[in-house]
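[1] Here's my sequence, what's the structure:
(2 chains)
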Amino acid sequence: MAENDPIQAYQFKKLAALFIIGTSIILVPGLLAAEAKQDAWISSLVGLLAGLLLVGLYVALGSRFPGRTLVEFSKEICGRWLGTFVSFLWFTYAFILTSLVLRNLGDFLTSSMLVETPIQAIHLIYLSIVVIGVYYGVSNIARTADIFFPLVIALFGVFILLLVQDLDFKNVQPVLGKGITPVLSASFPFIGFPFLELVLLLMIFPKVKQPKQAGKAFLSGTLIGGTVLFVITLLCILVMGAENTASEIYSSFELAKKIEIGEFIQRVEAILAGIWFVTIFFKLILCFYITVLTLSQTLNLSDYRPLTLPMGMILYAVSIIIAPNLSYLISFDTKVWPFYALTFGLLFPLMLLGVAAIRKKR
Amino acid sequence: MWSAAAVLAVGILIIVVEAPSLKKENKRKELWAFSVLLFAGSVLCIAVSMGVRVPSPLEGIKLIYEPISKSLLGK
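    Model (predicted):
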């Protein structure tokens, strides 16, 4: 059935780009500006560069084992028992990420647009769509990306055009006023979120029909996604200034509220929030798909589909209990998540690659 | 109370949708994994709907990584 349907390299590129833009587009400018102030755009460039290097590592790892997913080759490299343990750790990583993404969406909607809606209702409805999508398999997700990716890029283009008149280049001065240190320390959480999460896409990587082009697609997808994040950070700084960007949690949403043309076109942020809905949907659906896939392959099941509905129930509950409030989440995202992600996104792939090289498996 | 009933109803619905085909094809391992997950999901959902304080999984991660973070970032 749909499970064995391959996806095309260009679809994988779009999926990688949407995965990176995902929830980051609403959170990243604020996080970066809090630390690096007017140099946040440099931090995002540093992050993009590090992201490309990381993806190079993942592609090296993925192309060493063509046709095998992250869990499958982890098991092959580490042997049966240790391999199962490592696979289970991949599952926990994917699961925590999925619940955080869902919670980010809920927090964003309840604090900015649907203020009186209970967060449970938003989670329930959004999760239902995602569960249905995962049930239909990855090639359907990829074809959905074909439809929505141009829309995201077009809306993003409109977004930039509408803001051109508000750009104020005084806002980025002085460049590197406090030296390079705050710039680098701001880019650190940004590398963890979203770039170190990309390792999970190795679960989908082997499903690409053209293995030779898959690596290139992964890299160019990362480049597209990272560039979008760079542009949105730069726009936030240029239009609102460093202080205002840093003081808002969802600064790119505040940015959309600033759009005003001749006192006639105003408050169009709801339309532009379309970008957010679509990209968060793709990040969530990919994360959830990867979660059930890692679990089913860890347990050596023939099909991931029976796990989808019960997993959705668990995810719904965990997304509510995962954090008592937003400030807990933000402090977790900046202080703990980068290190947690570093373990899975850098240390594990390096170790797997090292052991595979020593044991000369292929 | 009603929310717990709703969770149970959803759980039964999921069983009706998934279980017969698994049983027919005699996929025992899948059936086990499915049942364990469904049980865990129902218990968690009922606990959340009744307002029971369930510890967040992030606490465990914090326990391991916060000392590292504090010593490296110094805050």
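
[2] In chain B, which residue sits nearest chain A?
    Proximity to chain A, evaluated over chain B using CB to the nearest CB, is greatest for residue B:41 at 3.1 Å. The C-beta positions use only the backbone N, C-alpha and C, and glycine is treated the same way.

[3] and that residue, how far is that from residue B:22?
    Counting by CB to CB, to the nearest Å, the gap from residue B:41 to residue B:22 is 16 Å.

[4] Looking at those two, which has the bigger crowd around it?
    Taking other CB atoms under 10 Å in any protein chain shown, residue B:41 and residue B:22 do not tie; residue B:41 has more neighbours (24 against 21).

[5] right, and that one touches residue A:318 too?
    No. Using CB atoms under 8 Å, residue B:41 is not in contact with residue A:318; the gap is 9.5 Å.

[6] Now do the SS call for the residue of chain B closest to chain A.
    What DSSP: H, G, I helix; E, B strand; the rest coil gives for residue B:41 is helix.

[7] same question, residue A:179
    Going by three-state DSSP: residue A:179 is coil.

[8] Give me the local confidence score for the residue of chain B closest to chain A.
    pLDDT recorded at residue B:41 is 92.

[9] measure it to residue A:91 for me?
    15 Å.

[10] One more: residue A:250?
    In terms of CB to CB, residue A:250 sits 30 Å off from residue A:91.

[11] Neighbours of residue A:182, how many?
    By other CB under 10 Å, 18 other residues sit near residue A:182.

[12] ok, for it, nearest residue in space, not its chain neighbours?
    residue A:36 (5.1 Å; CB to CB, 6 or more residues apart in numbering or on different chains).

[13] helices and strands around the host helix or strand of that neighbour, which ones?
    Using DSSP states H and E, residue A:36 sits in helix A:24-36. Packing partners of helix A:24-36 (3 or more CB pairs under 8 Å, 6 or more residues apart in numbering or on different chains; DSSP states H and E): helix A:40-64, helix A:80-108, helix A:181-192, helix A:211-247, helix A:251-257, helix A:269-298.

[14] what about residue B:16, how many neighbours?
    Neighbours of residue B:16 (other CB under 10 Å): 9.

[15] cool, residue B:72 as well?
    Neighbours around residue B:72, by other CB under 10 Å: 11.

[16] which ones are touching it?
    Shown in contact with residue B:72 (CB atoms under 8 Å, 6 or more residues apart in numbering or on different chains): residue A:339.

[17] cool, and residue B:52?
    Neighbour list for residue B:52: empty [criterion: CB under 8 Å, 6+ apart].

[18] Quick check: it is in a strand.
    No. Residue B:52 is assigned coil when assessed by three-state DSSP, not a strand.

[19] Tell me how far it lies from residue A:318.
    According to CB to CB, residue B:52 stands 14 Å off from residue A:318.

[20] how about low-confidence regions in the chain?
    Defaulting to chain A. A:1-4, A:360-362 (pLDDT under 70).

[21] Hmm, no, I was thinking of chain B.
    B:74-75.

[22] so where do the helices sit in it?
    Remark: helices assigned in chain B by DSSP state H are B:2-24, B:28-49, B:57-73.

[23] Pipe these into TSV and attach distance to residue A:260 per row.
    Listed next are the helices of chain B as TSV, based on distance: least, CB to CB, whole Å:
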stretch	distance to residue A:260
helix B:2-24	44
helix B:28-49	42
helix B:57-73	39
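
[24] Single out the most deeply packed of those helices.
    helix B:28-49 (a mean of 18; mean count of other CB atoms under 10 Å in any protein chain shown).

[25] Centre of the chain to it, how far?
    Chain-centre distance of helix B:28-49: 6 Å, with CA atoms, centre = their mean, to the nearest Å.

[26] Would you mind getting the angle between that helix and helix B:2-24?
    180 degrees (axes from the mean of the first three to the mean of the last three CA atoms, to 10 degrees).

[27] Alongside chain B, which residues does the stretch 251-362 of chain A contribute?
    Residues of the stretch 251-362 of chain A that fall close to chain B, judged by CB under 8 Å from any CB of the partner chain: A:295-296, A:299-303, A:306-307, A:309-314, A:316-318, A:320-324, A:332, A:335-336, A:338-340.

[28] among those, which ones are buried?
    A:295-296, A:299, A:301, A:306-307, A:309-314, A:316-318, A:320-323, A:332, A:335-336, A:338-340 (16 or more other CB atoms under 10 Å in any protein chain shown).

[29] Go through the residues you listed and flag which are in helices.
    Per DSSP H, helices hold the following members of those: A:295-296, A:306-307, A:309-314, A:316-318, A:320-321, A:338-340.

[30] Near chain A, which residues of chain B? Just list them.
    Of all the residues in chain B, those in contact range of chain A (CB under 8 Å from any CB) are B:7, B:10-11, B:14, B:17-18, B:22, B:27, B:29-31, B:33-34, B:37-38, B:40-42, B:44-45, B:47-48, B:54-58, B:61-62, B:65-66, B:68-69, B:72-73, B:75.

[31] what's the burial count for residue A:247?
    Neighbours of residue A:247 under the rule other CB under 10 Å: 13.

[32] any idea how far it is from residue A:115?
    Distance from residue A:247 to residue A:115, by CB to CB: 19 Å.

[33] Nearest spatial neighbour of the residue nearest the centre of chain B, chain-adjacent residues omitted?
    Most central in chain B under CA atoms, centre = their mean is residue B:41, positioned 3.6 Å from the mean C-alpha point. Closest residue to residue B:41 apart from its sequence neighbours, by CB to CB, 6+ apart: residue A:313 at 3.1 Å.

[34] quick one, what contacts the one you found?
    By CB under 8 Å, 6+ apart, the neighbours of residue A:313 are B:7, B:10-11, B:14, B:37-38, B:41-42, B:44-45.

[35] quick one on the thing from earlier: go through the helices and strands packed on helix A:24-36 and name the closest to residue A:173.
    Smallest distance to residue A:173 across the helices and strands packed on helix A:24-36 (CB to CB): 10.3 Å, for helix A:211-247.

[36] quick one: contacts for residue A:266?
    Taking CB under 8 Å, 6+ apart, one finds A:259-260 in contact with residue A:266.

[37] now it, which residues is it bridged with?
    residue A:260 (DSSP bridges).

[38] What backbone torsions are found at the closest residue to residue A:24 other than its chain neighbours?
    Distance criterion CB to CB, 6+ apart; nearest residue to residue A:24, sequence neighbours excluded, is residue A:194 at 4.7 Å. Residue A:194 adopts backbone torsions of phi -110, psi -10, taken as degrees, to the nearest 10.

[39] Number of residues surrounding residue A:194?
    Applying other CB under 10 Å, we find 27 residues neighbouring residue A:194.

[40] so it sits right up against residue A:26, yeah?
    No. Taking contacts as CB under 8 Å, residue A:194 lies outside contact range of residue A:26: 11.9 Å.

[41] The closest residue to chain B within the stretch 1-150 of chain A - how many residues pack around it?
    Residue nearest to chain B within the stretch 1-150 of chain A: residue A:96 (6.3 Å; CB to the nearest CB). Burial measure for residue A:96: 22 neighbouring residues, criterion other CB under 10 Å.
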